[in-house]
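**Q** The sequence and its predicted three-dimensional model are supplied below.
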Amino acid sequence: MKTVKPKKFLGQHFLKDLQVAQDIADTVDTCPTLPILEVGPGMGVLTQFLIRKERPVKVVELDFESVAYLRENFAQLGDNIIEQDFLKMDLSTLFDGKPFVLTGNYPYNISSQIFFKMLDYKDLIPCCTGMIQKEVAERIAAKPGNKTYGILSVLIQAWYKVEYLFTVHEHVFNPPPKVKSAVIRMTRNEVTELGCNEKLFKQIVKTTFNQRRKTLRNSISPILEKGNPLSANPIFNKRPEQLSVQEFIDLTNRVEEALGAQTSNVEE
């Protein structure tokens, strides 16, 4: 069968370097006994190494042409080739509700959405590895005080240990992307509860980083009214990229307390 033509609208850049593919496949060995879900296998350059791991492997692919190629060339996968949109899938039933490793050469145009979905299923995904745009990988791995530290950094690092493993250059792809790529690994940390209102935590992180050049006193105003006594606290002189995950958790608890007091005052 002829090879699959990469489709720009799907963000496809097919990896052609077998050594890089082998190195990416080996990142899943951190969780050696868990089944594997590969997102966006394309023509199976990564799949061929994953299926040698002697554990269950499923692949999810949206591109019908790639699915046909996989069915012809990876017949051993059988019903484990899933023709669906990963972002719309219910992952809770994939491996009979058991934990699994998520990996792939992820489409650049949806990589952030893939990781937000990972967070929704964090109790089922103790390890996530794969290749993404270098800029996104740096953002996920960034530490407080770094200009690339942002929403993804905080939300992922709250639940996962992040490792930036290695950089991948453009020439190993067809077609070559205009940016460099990177391989990362995210492994669940010991945290089972953040110790704050998680919905408010997410809201605060997203709201403040959406106006990252402003101090917290100004950027948090959609949540906490200006003039609230809490905003006199010195932490509100900082910008969001200066706060660690723990400081965001502490801030969430303070804001929730202030909002509760604000509501009770209105009721009185």
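**A** Structure's in. What do you need?
**Q** so Pro176 sits in a strand?
**A** No - Pro176: not assigned to a strand; according to DSSP: H, G, I helix; E, B strand; the rest coil it is coil.
**Q** what's the burial count for it?
**A** Counted with other Cβ atoms under 10 Å, residues neighbouring Pro176 total 12. All C-beta spots, glycine's among them, are computed from the backbone N, C-alpha and C.
**Q** What does the pLDDT read for it?
**A** The score at Pro176 is 74. That number is its pLDDT.
**Q** Phe9 too?
**A** 63.
**Q** Please shift the residue numbers so they start at 49 in all later answers.
**A** Happy to do that; since the first residue is 49 now, the last one works out to Phe57.
**Q** which residues does the residue nearest to the spatial centre of the chain contact?
**A** With distances taken as Cα atoms, centre = their mean, the chain has Phe163 as the residue nearest its mean C-alpha position (2.1 Å). If you count contacts by Cβ atoms under 8 Å, 6 or more residues apart in numbering, Phe163 has them with Cys176, Ile188, Leu200, Ile204, Met234.
**Q** I'd like to know which of these is nearest to Ala69.
**A** The closest of the contacts of Phe163 to Ala69 turns out to be Cys176 (Cβ to Cβ; 17.6 Å).
**Q** Which elements pack onto the helix or strand harbouring Val253?
**A** For Val253, the host element (DSSP states H and E) is helix 246-257. Here helix 246-257 touches helix 199-205, helix 264-267, helix 293-315, going by 3 or more Cβ pairs under 8 Å, 6 or more residues apart in numbering; DSSP states H and E.
**Q** List of residues touching it?
**A** Contacts of helix 246-257 (Cβ under 8 Å, 6+ apart): 198-199, 202-203, 206, 242, 264, 267-268, 270-271, 288-289, 296-297, 299-300, 303-304.
**Q** what about the residue nearest to the centre of the chain, which SS state?
**A** helix.
**Q** Throw together a ChimeraX command that grabs the buried residues out of the contacts of helix 246-257.
**A** Selection of buried members from the contacts of helix 246-257 for ChimeraX, criterion 16 or more other Cβ atoms under 10 Å:
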select :198,199,202,203,206,242,264,267,268,288,289,296,297,299,300,303
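**Q** which residues sit in contact with Gln161?
**A** Here Gln161 is in contact with Leu135 (Cβ under 8 Å, 6+ apart).
**Q** try 10 Å this time
**A** Gln161 makes contact with Phe134, Leu135, Tyr154, Pro155, according to Cβ atoms under 10 Å, 6 or more residues apart in numbering.
**Q** ok now do the second one, which residues does it touch?
**A** Looking back up the chat, that one is Leu135. Here Leu135 is in contact with Val87, Leu110, Ile158, Gln161, Ile162, Phe164, Lys165 (criterion: Cβ under 10 Å, 6+ apart).
**Q** swap the cut-off to 8 Å and go again
**A** By Cβ under 8 Å, 6+ apart, Leu135 lies in contact with Ile158, Gln161, Ile162, Lys165.
**Q** what do you get for the first one?
**A** Taking Cβ under 8 Å, 6+ apart as the contact definition, Phe134 lies against Val87, Gly88, Val108, Leu110, Ile162, Lys165.
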